[in-house]
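Q: my questions are about this predicted structure, shown below with the sequence.
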Amino acid sequence: MKFRRKSGVESKISTSSMPDIIFMLLIFFMVTTVLREFSGLPVSLPKAERIEKLESKRHTSDIWVSKDGLISIEDKLYASDDVRHVMYEKRASNPQLTVSLKADQDARMEIISDIHNELRKADALKLNYSTKVKAPTQ
Amino acid sequence: MAIRERKGRVGAIPEGGMADIAFLLLVFFLVTTTIDMDKGLGIILPAEGQELEINKKNILNCLISASGAVLLGGEPTEIKDISRKIKEEIRANDKLIISVKAHEKAEYDVYVEVLDQLKLANATRISIAESD
């Protein structure tokens, strides 16, 4: 009985292109990362179960509403009547705009419905109530 | 005058440490990147001046009082029962529009919970009424 001879081919992974691969990964991460632009107001978001993810940060504009009724867009405070001008400009420059409303859970509905009206006037109709995840109760 | 002889040294950047440097940068970016996707309840507001006349029997009013109590079609309802009731109502009438109306002193928290319940019941026709 003959034994098959082992072939003498050495298998080695070439490491010379390692830096290229890693640089590519690095560049991928750098390009896809969107840094947080604004710090906003301190809010504790309400919780909900049936939530959706926002598609992209590039098409999202945030409005912060604190429990004292302060409205902040891009780290500037606005009166509720001025929201429409700001949002109108944003909407004009980006028709796919989604507004993410980060309102405190203790905010009054008065200010929320003011913002609804302002957004309707600014024609920014896609709205997302920013919430935290609640574990399903079943 | 003696001309100084050029030294025959060739300047080459060592490439061996390149991978390590790239790895270090990569790890730095991985660590500093926080992936916080925004999550929330999506809704489409009606356009300005787009009020429609809707048959009364296709509307179910959902009122939120200042104290956080919910009236669903005239009956006081616990928040966690809303989705079940809405599901039944939609099964009976698939053209049903749920009109959510909150008192201006009501808390946003309750409003979000009610919207969440409506979404749980797969209600797609939700209308946000003005509080008056």
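A: Yep, that arrived.

Q: secondary structure class for the residue nearest to the spatial centre of chain B?
A: With distances taken as CA atoms, centre = their mean, the residue of chain B nearest its centroid is B:Gly40 (1.7 Å). With DSSP: H, G, I helix; E, B strand; the rest coil as the basis, B:Gly40 sits in strand.

Q: list the contacts for it?
A: By CB atoms under 8 Å, 6 or more residues apart in numbering or on different chains, the contact list for B:Gly40 reads A:Ala48, A:Ile51, A:Glu52, A:Leu54, A:Ser100, A:Leu101, A:Asn128, A:Tyr129, A:Ser130, A:Thr131. For glycine as for every other residue, the C-beta is placed from the backbone atoms N, C-alpha and C.

Q: give me the number of residues near B:Lys56?
A: 6 (other CB atoms under 10 Å in any protein chain shown).

Q: how close does it get to B:Val70?
A: From B:Lys56 over to B:Val70 the distance is 21 Å, taken as CB to CB, to the nearest Å.

Q: equivalent analysis for B:Cys62, please.
A: 7 Å.

Q: what about A:His116, is that helix, strand or coil?
A: Per three-state DSSP, A:His116 ends up helix.

Q: how close does it get to B:Ala12?
A: 66 Å.

Q: next one: B:Met18
A: For B:Met18, the distance to B:Ala12 equals 13 Å [CB to CB].

Q: those two: who's more crowded?
A: B:Met18 (15 against 6).

Q: show the pLDDT at the nearest residue to that one once chain neighbours are set aside.
A: The shortest distance from B:Met18 to any non-neighbouring residue, by CB to CB, 6 or more residues apart in numbering or on different chains, is to A:Pro19 (4.2 Å). Note on A:Pro19: pLDDT of 79.

Q: quick one: contacts for A:Pro19?
A: Contacts of A:Pro19 (CB under 8 Å, 6+ apart): B:Glu15, B:Met18, B:Ala19, B:Ala22.

Q: what about A:Ser16, which helix or strand?
A: Assigned by DSSP states H and E, A:Ser16 falls within no helix or strand.

Q: can you pull the contacts of A:Lys47?
A: Neighbouring residues of A:Lys47 by CB under 8 Å, 6+ apart: A:Gln105, A:Thr131, A:Lys132, A:Val133, A:Lys134, B:Val112.
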